[in-house]
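K.L.:
Take this sequence and fold it.
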Amino acid sequence: MKRSTGLVEGRTKNELRLLQSVILALRQTSGLAPALAIVLRRVCRVTGWAFGEAWLPSADGRCLEAGPVAHRPSRNLRAFAEASLRYRFGPGEGLPGRVWRLKRPAWIRDVRFDSNFPRAAVAARAGLRAGFAVPVMAGVEVIAVLGFFVLESRDEDARLVKLVTTVAAQLGSILQRNLAERALRISRAALEAKESERARVARDLHDGVNQILSSVAFRLELLEGDPAVEARSLLRHAMRDLRRISRDLGPGVVHDLGLVAGVRRLGEEFRERTGAGVRLSNRRFPAEVPREVASNLYRVVQEALANVEKHAGAGDVRLRLWKRGSWIGVGVSDNGKGFDPAGLGRGGLHEASLGLSNLRERARILGGRLTLQSAPGRGTKVLFELPWGEKSP
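P.N.:
Numbers count the residues shown, from 1 in each chain. I've put the predicted structure just below:
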């Protein structure tokens, strides 16, 4: 009895060590194939199963294709691995396809006598008998199927299936998080590249085109007559527009004077262009925020004001900056036409035309939230909030 208890305790410790080592190794690797290889090797080592394999959905998602394998040193097992490369499994086909379709583990006591195991003859030559497979899930999607085989027939071992299913769940969770983090890094890098390109164009406009126009203006001052006066007037308008475009492209005022000053400048320019009344309120907004955050909040206000100018026909606009609890935010509200948000994309306004997709992307990248409130004839309110704890940078 004591010997039996000791065996169970020893197996439990091995299983716990397996889980811990797999989780640690997975956190230190990137990419699906290396992660699968780690899991296969360690599961086979701890459980004593002879052969482990992974199957991955094809690029078109129609079938499973062979992935990494792990097995004991054996010419027969190596031959089985090489032969498996020739196989493809659709949903429900073979052990991998069965698990892929059902999204749950499956066990075969002896693969030689299973009616849905196309590799039975190859497995028999390799000496393989019992087999089971589990899905690796990322959300509701199967991203891989793990299969394991042993050299003797065995009835289903619920404990073993549970162990490997737990490992597969950890694998799926870590991979899903890694993919999400990678997508976020790519989006953030794209946004930073976009801002950098805007800043470069703004510098080029200011240092290049604006200097040329200034030189032309100086020469026009030497001319007389109505054509010269008209040309000077047009040139002044062009230079003013150029300075505005340059400021819009590169929010230098935000970097130099801060976000509040930048938002105030946007409001003043909006009033000059449209004649609408603009009010700015500031409720405990932090005096200093990181440049990336300030630039993004500035862009939110800029995008929202462009939207008001293009679509709303508003006579009054309110700009707000605030800090409330552990959140900071900016808001732009107007008394214009408004619209039905539920009707977006149904033959009327689209998210792209309203710039909402850009705002949602900024919110996602910064871990914030975007709120849109509107109704026909009742104006529109755009709120953009970001987490801001006491220890935020």
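K.L.:
mean confidence for stretch 309-328?
P.N.:
Averaging pLDDT along stretch 309-328 gives 89.
K.L.:
Just the C-alphas of that stretch, formatted as CSV.
P.N.:
C-alpha atoms of stretch 309-328 as CSV (Å, rounded to 0.1, in the frame of the first residue of the first chain):
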residue,chain,number,x,y,z
GLU,A,309,-16.1,70.6,-39.5
LYS,A,310,-16.8,68.1,-42.2
HIS,A,311,-20.1,66.6,-41.1
ALA,A,312,-21.8,68.3,-38.1
GLY,A,313,-22.5,71.9,-39.2
ALA,A,314,-22.2,72.9,-35.5
GLY,A,315,-22.3,76.4,-34.1
ASP,A,316,-20.9,75.5,-30.8
VAL,A,317,-18.1,73.1,-29.8
ARG,A,318,-16.8,72.2,-26.4
LEU,A,319,-13.3,70.8,-25.8
ARG,A,320,-12.6,69.1,-22.5
LEU,A,321,-9.6,67.6,-20.7
TRP,A,322,-9.9,65.9,-17.4
LYS,A,323,-8.5,63.6,-14.8
ARG,A,324,-11.0,61.5,-12.9
GLY,A,325,-9.9,58.8,-10.6
SER,A,326,-7.3,56.6,-12.3
TRP,A,327,-8.3,57.8,-15.8
ILE,A,328,-7.4,60.9,-17.9
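K.L.:
Can you classify Ala70 by secondary structure?
P.N.:
Of the three states, Ala70 takes strand under DSSP: H, G, I helix; E, B strand; the rest coil.
K.L.:
what about Leu40, neighbour count?
P.N.:
Residues contacting Leu40 under the criterion other CB atoms under 10 Å number 23. All C-beta atoms are positioned from the backbone trio N, CA, C, and that covers glycine.
K.L.:
Quickly find the element holding it.
P.N.:
Secondary structure from DSSP states H and E places Leu40 in helix 32-47.
K.L.:
Pull out the buried residues from that helix.
P.N.:
32, 35-44, 46-47 (16 or more other CB atoms under 10 Å).
K.L.:
List the contacts of stretch 313-324.
P.N.:
259-260, 263, 266-267, 270, 276-286, 301, 305, 308, 328-337, 379, 388 (CB atoms under 8 Å, 6 or more residues apart in numbering).
K.L.:
Please repeat the previous calculation with a cut-off of 7 Å.
P.N.:
Identification of contacts with stretch 313-324 by CB atoms under 7 Å, 6 or more residues apart in numbering yields 260, 263, 267, 270, 276-286, 301, 308, 328-337, 379, 388.
K.L.:
where do the helices sit along the stretch 51-200 of the chain?
P.N.:
When assigned using DSSP state H, counting those that start in this stretch, the helices of the stretch 51-200 of the chain occupy the ranges 75-84, 94-102, 120-126, 158-204.
K.L.:
weakest of those helices by average pLDDT?
P.N.:
helix 158-204 (a mean of 65).
K.L.:
Count the residues that sit near Trp388.
P.N.:
Neighbour tally, Trp388, other CB under 10 Å: 20.
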